Each structure stands twice: as structure tokens, then as C-alpha cells.
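Asker: This is a predicted model, with the sequence first.
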Amino acid sequence: MGVDLKELVEPVAKEVELSSLSGKVVAIDAYNSLYQFLATIRQKDGTPLMDAHGNVTSHLNGLFYRTINFIENGIKPVYVFDGRPPEVKLKELERRQQIKVEAERKYLAAIERGDLEEARVYAQQTSRLTSSMVEDAKRLLTYMGVPFVQAPSEGEAQAAYMTQRGDAWASGSQDYDSLLFGAVRLVRNLAITGRRKLPRKEVYVEVKPEIIELGELLSFHSITREQLVVLGILVGTDYNPGGVKGYGVKKALKLVKELQDPEKVFRAVPWDFDTPPDVIMQIFLKPDVSDKYVLQWREPDREKVIKLLVDEHQFSVERVENALERLEKAYKTYFKQTSLESWFGF
């Protein structure tokens with residue numbers, strides 16, 4: 001779910017065209033994107049796309065075509081996959097599983113009533129990402145010539161670290177956690193850019209990428225990154241879901257600016273969580289990350305992509321081949337260079 005900082009970032013968030021990110025390396029939170037694809041790429045009754053063997057393929061569909069769209073716009077995507085979550089997050093993950101179980105019950109009830117609109121809403125909340133689905137996603141990226149990074153722990157922390165090192169221009173995620181982890185800038189809406197239908201309404205909106213600069217955000221509110229982390233903890237993170245009772249963004253910001261010191265802030269509020277606030281702070285300020293990665297974009301392996309998508313998962317051979325032609329053309333336009341330095345995202 002992530003921390004809800006929408007109200008805090010709105011004053012500095014900037015909508016841009018996808019093409020304005022041309023030439024930029026974006027470290028994309030892979031799990032975040034794959035879940036977005038699983039939620040949005042579904043049939044009218046909410047059923048995900050599946051192959052002849054009953055394997056879900058919505059995530060591969062989204063990953064394949066959306067990544068080609070990025071590359072056609074000159075973007076250099078690198079996907080960052082989650083590793084082992086911090087121990088303090090396990091309870092939240094269990095809670096999310098219970099939500100999925102309840103959503104499945106409501107989905108089946110809606111199907112029985114014949115309410116397809118309601119069924120689709122609940123179906124989107126049931127998405128599960130299995131280890132085999134993740135491995136297929138990694139295989140697809142490899143065959144497409146797109147790099148991925150395996151994070152030791154939180155993918156957003158790793159992506160943020162990559163922006164701090166200058167290896168990526170921005171972190172790409174729907175969640176705002178990247179900012180708490182210190183991402184130089186965050187790009188939202190990458191996985192859902194385009195024309196989207198509003199839930200339960202016959203209304204469509206145009207969704208564009210949105211950029212939030214960390215430095216600008218801190219300057220606008222006259223706070224430090226450490227204070228931003230404190231504010232996020234008060235509002236609620238994956239490590240203390242729901243946050244401190246009675247504290248929304250405005251009230252949390254006011255308290256943080258008044259008391260300034262994190263210890264004073266946490267002493268001033270009722271703390272009802274098992275994990276101490278200073279432990280949660282350290283997860284954001286000193287996360288488990290790795291510098292053992294190489295960012296290299298290669299020419300796609302047409303044969304292997306077709307074998308994975310068409311032979312294994314029954315994608316349309318014509319659609320896949322047409323998409324691969326687009327990918328190969330975009331690769332030659334933006335990536336194929338003669339110098340060694342040009343392989344890297346600088």
C-alpha cells in the first residue's frame with residue numbers, strides 16, 4: 001500500500017508527457033508495476049488474462065507492451081525486484097492476504113448476482129504475484145534486452161539508492177515510499193499512463209506521468225528528509241499501518257515542524273505499535289541495498305521472446321511479432337551505439 005503522502009506532494013508534483021523522459025534511466029519498482037498490470041489488464045467480469053493452461057498472463061502482457069512503449073519514447077527502463085521484506089513488514093503482508101481472501105468472496109458473490117461492474121472492482125483486489133510469475137517476468141525482460149536488478153530487500157529502497165548514485169535519473173512507482181527512502185526524484189503513473197476508466201463510472205480520464213523532486217518537496221515544506229520520514233511514520237507506513245491515531249498529513253507536518261527533533265515528536269504522540277519508531281526510521285534512512293548491478297540494454301532476442309510468449313503462453317504470434325518490430329526499431333534508434341560508454345545510462 002505504501003505511505004499516503006498525496007496531500008503533501010500535490011503542490012510540487014508536475015505532470016509531463018512520456019516523451020519528456022527520453023534519454024533518462026528510470027529504476028522501476030517491478031512488483032508495483034506488475035501488480036498494476038494484474039489489476040488493470042482483465043476481462044469484463046474481472047478475470048485476468050490466462051493461457052491455455054490456466055496460467056495468468058496479464059502481468060506479461062502489461063510488461064511486454066508497456067516496456068516497448070517506454071523504449072519507443074527513448075526511456076531506459078531498469079526494473080527493480082523486491083527481495084526479502086523486513087521482518088516488521090510480515091504482519092502487514094499477512095493483513096493484505098486476508099484482504100485478498102475477503103475480496104475473492106465478494107467477487108464470487110458479485111458474479112453470482114450478475115453484477116460484472118462490481119465483480120471487476122473486487123477482482124482487482126485479488127491479484128497475487130507468484131514466484132513463477134516473477135521468474136517469467138525476469139525471463140521476458142532478459143529476452144527483450146532490458147536490465148533488471150534484484151534488491152536484497154525493498155525494491156523501492158534499491159531504486160532510490162540507484163538515483164542517489166546517479167545510475168538512475170528517477171525511481172518509478174505509484175507509491176510515495178521512494179521519497180522516504182531518499183529517491184532524488186519519483187515518477188508516478190508509468191504503468192497506467194494513457195486513457196483510463198474511473199471505477200464504477202462511465203468516465204475516462206487521461207493519465208500522464210507525474211514527477212516529484214525530493215529537494216523541491218523538502219524545500220517547499222521547509223523540512224529535512226529525516227523529518228519527512230518522521231511525518232510518513234506518523235501518517236502510516238507498511239511497517240506501522242494506519243499510522244498514529246488522529247494524525248493526517250497536515251497535523252503531522254505541523255507537529256514535525258514545531259518539535260523538529262524525531263525523539264520529541266514520537267514522545268508527543270500515542271505509539272500503539274509493536275515496532276519502535278526509531279527502528280522504522282532506520283529502515284528508511286539506512287535500508288538494505290546493493291551496489292552489485294550492471295545496467296546494460298541489449299538488442300532483443302526475437303526467437304526467445306516468441307518462444308516464451310507465443311509457444312509457452314499462447315500470445316498472438318502476429319501481435320508479438322509486430323511489437324518486436326517496434327522494439328527492434330526503437331532499440332536501433334535510441335540504444336545502438338558504437339562506444340562502450342553509451343551502453344550505460346549516462
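Answerer: Now that the structure is in, tell me what you want to look at.
Asker: Tell me the helix or strand right after the worst-scoring helix or strand of the chain on mean pLDDT.
Answerer: Lowest mean confidence among the helices and strands of the chain (mean pLDDT, DSSP states H and E): helix 116-123, at a mean of 59. Per DSSP states H and E, the first helix or strand lying C-terminal to helix 116-123 is helix 131-144.
Asker: other SSEs contacting that next one?
Answerer: helix 30-40, helix 58-72, strand 76-81, strand 148-150, helix 302-306 (3 or more C-beta pairs under 8 Å, 6 or more residues apart in numbering; DSSP states H and E). C-betas here are computed from N, CA, C, even on glycine.
Asker: Go again with 10 Å.
Answerer: The helices and strands touching helix 131-144, judged by 3 or more C-beta pairs under 10 Å, 6 or more residues apart in numbering; DSSP states H and E, are helix 30-40, helix 58-72, strand 76-81, strand 148-150, helix 302-306, helix 317-334.
Asker: Return the most buried member of those.
Answerer: With neighbours defined as mean count of other C-beta atoms under 10 Å, these peak in mean count at strand 76-81, which reaches a mean of 25.
Asker: ok, what's across the strand from the nearest residue to residue 56 once chain neighbours are set aside?
Answerer: The spatially closest residue to residue 56, leaving aside those adjacent along the chain, is residue 48, at 4.8 Å (C-beta to C-beta, 6 or more residues apart in numbering). Taking DSSP bridges as the rule, residue 48 bridges to residue 42.
Asker: I figured residue 48 hits residue 34, correct?
Answerer: No - assessed by C-beta atoms under 10 Å, residue 48 is found out of contact with residue 34, at 11.8 Å.
Asker: which ones are touching the closest residue to residue 65 other than its chain neighbours?
Answerer: In this structure, residue 65 finds its nearest non-sequential neighbour in residue 323, 6.3 Å apart by C-beta to C-beta, 6+ apart. Residues near residue 323 by C-beta atoms under 10 Å, 6 or more residues apart in numbering: 64-65, 67-69, 144, 305, 309, 315-316.
Asker: do residue 230 as well
Answerer: 180, 223-224, 252, 255-256, 259-266, 277, 280-281, 284.
Asker: Out of those, list just those in strands.
Answerer: Secondary structure from DSSP state E places none of those in strands.
Asker: buried subset of those?
Answerer: Among these, those classed as buried by 16 or more other C-beta atoms under 10 Å are 180, 223, 252, 255-256, 259, 262, 265-266, 277, 280-281, 284.
Asker: can you redo those residues as JSON lines with distance to residue 163 and pLDDT?
Answerer: Below are the buried ones among the contacts of residue 230 laid out as JSON lines (distance: C-beta to C-beta, whole Å; pLDDT from 0 to 100):
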{"residue": "180", "distance to residue 163": "13", "pLDDT": "97"}
{"residue": "223", "distance to residue 163": "19", "pLDDT": "97"}
{"residue": "252", "distance to residue 163": "25", "pLDDT": "97"}
{"residue": "255", "distance to residue 163": "29", "pLDDT": "97"}
{"residue": "256", "distance to residue 163": "24", "pLDDT": "97"}
{"residue": "259", "distance to residue 163": "29", "pLDDT": "96"}
{"residue": "262", "distance to residue 163": "24", "pLDDT": "95"}
{"residue": "265", "distance to residue 163": "27", "pLDDT": "97"}
{"residue": "266", "distance to residue 163": "28", "pLDDT": "96"}
{"residue": "277", "distance to residue 163": "26", "pLDDT": "95"}
{"residue": "280", "distance to residue 163": "22", "pLDDT": "95"}
{"residue": "281", "distance to residue 163": "20", "pLDDT": "96"}
{"residue": "284", "distance to residue 163": "15", "pLDDT": "96"}
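Asker: which one of these sits closest to residue 5?
Answerer: residue 180 (8.3 Å; C-beta to C-beta).
Asker: right, and that closest one touches residue 231 too?
Answerer: Yes - if you go by C-beta under 10 Å, residue 180 and residue 231 touch, sitting 9.0 Å apart.
Asker: Give me the common contacts of these two.
Answerer: When contacts are counted by C-beta under 10 Å, 6+ apart, residue 180 and residue 231 are jointly contacted by 3, 5.
Asker: can you pull out the helices in the stretch 201-346 of the chain?
Answerer: Assigned by DSSP state H, counting those that start in this stretch, the stretch 201-346 of the chain shows helices spanning 214-221, 225-235, 249-259, 262-267, 277-285, 302-306, 317-334.
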